[in-house]
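**Q** coordinates for the following, if possible.
(2 chains)
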Amino acid sequence: MNTSVKNTTRLLGAGLRALLVLSVICGVVYPLTVTGVAQAFFRAKANGSEISDGNGDTVGSSLIGQTYNLPKRNPDDPQEAAQPDLRWFQPRPSNGLGSNSVNQRYALILSGATNRSADNAELVTWVTEAKAAVVADNSTPSYTVRPEDVPAEAVTSSGSGLDPDISPAYARLQVHRVAERNNLPVRQVAELVTEHTEGRTLGFMGEPRVNVLELNIALRDVRKG
Amino acid sequence: MSPVTAGVLQLLALISALALAYRPLGDYMARVYSSERHYRPEKWIYRAIGANPSASMHWPAYLRGVLAFSAVSVLFLYALQRLQGVLPGSLGFVSIDPDQAFNTAASFVSNTNWQSYYGEQAMGHVVQTGGLAVQNFLSAAVGMAVAVALVRGFSRSRTGGLGNFWTDLVRGTVRILLPIAVIGALVLVACGVIQNFSGIHEVGRFAGGTQQWNGGAVASQEVIKELGTNGGGYFNANSAHPFENPTPFSNLFEIFLILLIPFALTRTFGRMVGNLRQGYAILATMATIWIGFTALMMWTEFAHHGPAPEIAGGAMEGKETRFGIGGSSVFAVATTLTSTGAVNSFHSSYTGLGGGITMLGMQLGEIAPGGVGSGLYGMLVMALIAVFIAGLMVGRTPEYLGKKIGTRQIKFAACYILITPALVLCFTAVAMALPTPADSMTNSGAHGFSEILYAYTSGANNNGSAFAGLNADTQWFNTTIGIAMLLGRFLPIVFVLALAGSLAGQPPVPATAGTLRTDKPLYAGLLLGTIIVLTGLTYFPALALGPLAEGLAS
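**A** Okay, here's the model as predicted:
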């Protein structure tokens, strides 16, 4: 009995020493080395791909999606639904985003998806309402959006809730509305969309996409210009 | 180009990249685990541990090493989370509650990486980088060590020795995982994955005002999360978060990392048993399942049956624009056929049948190609069952790789394959029978049941992905899933090492004309059939109540 206790203790001691040594290698030396190299050679990317507007002010990250909503009528009312600011290109819905539930001295955004199943009644409602809103918001006197023209990603929430992109189809669908609200020629706005459309990487990886923040920055520059 | 064509091309690119890496990496790993030479820094590590790296261990000693190291790891990671509130470098985040800290410690040490916490608001730099990411390396190295011990059981004769656990652990970490991780992390940073130690800071917004971000050593953790088939995300959205997986290329690269070692280990296996064709037979079985599942997943997701996807015009709920349906489907299958559980899209919002495919992938036992190490040893246990069934059909004592598969070996193999289904089905049944666990469901009906079935499937099989509508941060789920993860990891390891010991002690049996050739396509087909029949018989009733009911209704 005594020897087995002693042996177990010795074995656990060896395990602890192994853990500590390997923790120093994998948990200190390795991440610091990678951070050092990353900060030396890829500084902007390692720090979040921040992006500035025409005035040089940082307006976010080109990787992280934002919302483009009107100010709330009553800023203290958490129930008030946000209304999209239709002067700007609109991103995908983000019904899965959350806010901090612990460590509440911070106001962090919690990335996430809705996790609603394909047959979930609430999801069916969200998608139906989003589709109706996209049709209504984007139809102008000279341009009618048909429900079948609305692409799937325009009415569904992404996995992260922070999807920075929309499909080129959804961007083109917003062109007439954006042009009208900003008093710009349709052709000029359509050109902006074309300039900001990124195809598949090497022609086959991923899907074609338009970065909404970069597009809106360019739009704001055109409005000022 | 249509999205379907692009999806197929991405799969083909992935297959090509894996094929290119297969030989060099597989052979390199065989050399790492066979070499007699210790590098100088490794000798320092052995001196610190107080272990003799050249002493070969019998299976009980090898097992005691695995269990002692893992027990210490669980305790250490638990303590780190409980003390987070007073540790510097933790962004001022509070300590984690006991039930969640236990769940998380069990999760990361068992290579599961089930997460009942939100990474970005709960875990500071010290716990993420110094605790969780460290276990991403070490739990993977433990899995590879156990797999190599089993391979040595086949390749050695009349000896009880399976090698030295400390040597296998250290070499797997410093010679295999670390070098690939360093290169991979820098590739990810070049794509846009963040790598810094900033605190929580304000960044401007387009519409005015600011947003709060936390920094972190994300790239260095992301790469080992995939390479070690761990899966625990730095952020809640895991590899759907643009800071973890920013581009279509980074997406394919991460899938490549997930599959890299599990597939290459079949070459290592062939090399170490002295017959590469044996490794190819295992590889063929794994690859057939993987490609078949990926094709099925693309088919059901592109077809997008179900009320919400039909109204939307596509199954894009929970998927990112840059990956699309193709890039998401390939990831979802790779992550659930291995023990990874990282997600770039949310399985709960897949079509009913798509969700079923992710669940079935885990229920196969994660052997196609499976987790690092655990995939190979899981598949080799299945290989024994297959030769046993073939032996029954012709009335011969089965053999595999020149070893007699007798009563003792089959008992160990049978125990191995019974453990996880027992854990999954019993815990699911109890959770469904009790009044409160169902309160955690977001969805109702068949999908609500699927959320709980998925949770225990994921835990007991050490996957870690979720139908994340389930609120798993309750004492019930934290505790029971924690237990399922530990038992689902370490009980099978007990039987694998016992099996390895019993094989290593045998004298070799010469192959005769009556020996089943286990390096031929016929055998690979038999193995495939065995896996499907065994899993089907075990899980069909449960699957019928969940994803099949949901999928067939739409």
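**Q** what segments of chain B are strands?
**A** B:200-204, B:210-214, B:399-400, B:403-404 (DSSP state E).
**Q** quick one: closest of those to B:Phe449.
**A** B:Phe449 sits nearest to strand B:210-214 of all the strands of chain B, at 35.7 Å, using CB to CB. (C-beta placed from N, C-alpha, C; glycine too.)
**Q** angle of that closest one against strand B:200-204?
**A** Going by axes from the mean of the first three to the mean of the last three CA atoms, to 10 degrees, strand B:210-214 is angled at 140 degrees with respect to strand B:200-204.
**Q** quick one: strand B:210-214 near chain A?
**A** Yes: shown here: strand B:210-214 in contact with chain A (CB under 8 Å from any CB of the partner chain) through B:Gln211, B:Gln212, B:Trp213, B:Asn214.
**Q** what distance do you get for A:Gly203 to B:Ala6?
**A** The spacing between A:Gly203 and B:Ala6, counted by CB to CB, to the nearest Å, is 8 Å.
**Q** I should have written A:Arg146 there, sorry.
**A** A:Arg146 sits 26 Å away from B:Ala6, taking CB to CB as the criterion.
**Q** pick out whichever of the two has more residues nearby.
**A** Using other CB atoms under 10 Å in any protein chain shown as the criterion, A:Arg146 and B:Ala6 rank with B:Ala6 on top: 22 against 8.
**Q** ok, that one to B:Gly501 distance?
**A** 49 Å.
**Q** ok, now B:Arg489?
**A** Distance of B:Arg489 to B:Gly501, computed by CB to CB: 19 Å.
**Q** give me the more crowded residue out of those two.
**A** Shown here are B:Arg489 and B:Gly501; by other CB under 10 Å, B:Arg489 has more neighbours (28 against 23).
**Q** returning to what we had before: among the strands of chain B, which is the most enclosed?
**A** Most buried of those, by mean neighbour count (mean count of other CB atoms under 10 Å in any protein chain shown): strand B:399-400, with a mean of 22.
**Q** give the other helices and strands that that strand contacts.
**A** Strand B:399-400 sits against helix B:374-394, with contacts defined as 3 or more CB pairs under 8 Å, 6 or more residues apart in numbering or on different chains; DSSP states H and E.
**Q** right, and A:Val37 touches B:Ile183 too?
**A** No: judged on CB atoms under 8 Å, A:Val37 makes no contact with B:Ile183 at a distance of 10.7 Å.
**Q** these two: who's more crowded?
**A** More crowded of A:Val37 and B:Ile183, by other CB under 10 Å: A:Val37, with 16 against 11.
**Q** which non-adjacent residue is nearest the one residue in chain A that gets nearest to chain B?
**A** Residue nearest to chain B within chain A: A:Gly206 (2.4 Å; CB to the nearest CB). For A:Gly206, ignoring the flanking residues on the chain, the nearest one in space by CB to CB, 6 or more residues apart in numbering or on different chains is B:Pro248 at 2.4 Å.
**Q** doesn't B:Gly326 make contact with that neighbour?
**A** No: taking contacts as CB under 8 Å, B:Pro248 lies outside contact range of B:Gly326: 9.7 Å.
**Q** do I have it right that the residue of chain A closest to chain B meets B:Gly327?
**A** Yes: using CB under 8 Å, A:Gly206 is in contact with B:Gly327, at 5.6 Å.
**Q** for chain A, which segments count as strands?
**A** Using DSSP E, the strands of chain A run over residues A:50-52, A:58-61, A:98-99, A:109-110, A:165-166, A:197-198, A:209-211.
**Q** what touches both of B:Pro248 and B:Gly326?
**A** Here B:Pro248 and B:Gly326 have A:Glu207 as joint contacts, going by CB atoms under 8 Å, 6 or more residues apart in numbering or on different chains.
**Q** center of chain A, which residue is that?
**A** For chain A, A:Leu162 is the residue whose C-alpha lies nearest the centre (CA atoms, centre = their mean; 2.2 Å).
**Q** check contacts around the closest residue to B:Ala342 other than its chain neighbours.
**A** Distances taken as CB to CB, 6+ apart put B:Gly231 closest to B:Ala342, at 4.1 Å, once the chain neighbours are dropped. With contact taken as CB under 8 Å, 6+ apart, B:Gly231 is in contact with B:112-113, B:225, B:238, B:335, B:339-343, B:463-465.
**Q** recalculate using a threshold of 7 Å.
**A** Contacts here follow CB atoms under 7 Å, 6 or more residues apart in numbering or on different chains; on that basis B:Gly231 touches B:Asn113, B:Lys225, B:Thr335, B:Thr340, B:Gly341, B:Ala342, B:Gly464, B:Ser465.
**Q** ok, it to B:Val127 distance?
**A** 17 Å.
**Q** circling back: tell me the phi and psi of the residue nearest to B:Ala342?
**A** Torsion angles at B:Gly231 (phi, psi; degrees, to the nearest 10) stand at phi 110, psi 0.
**Q** where does chain A have low pLDDT?
**A** By pLDDT under 70, the low-scoring segments of chain A are A:1.
**Q** how's it carved up into domains?
**A** A:2-43, A:54-224 (automatic domain parsing).
**Q** need those in JSON lines (columns: distance to B:Ala21).
**A** Below are those laid out as JSON lines (distance: least, CB to CB, whole Å):
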{"stretch": "domain A:2-43", "distance to B:Ala21": "21"}
{"stretch": "domain A:54-224", "distance to B:Ala21": "18"}
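**Q** per-residue pLDDT, B:Ile15?
**A** Model confidence at B:Ile15, given as pLDDT, is 98.
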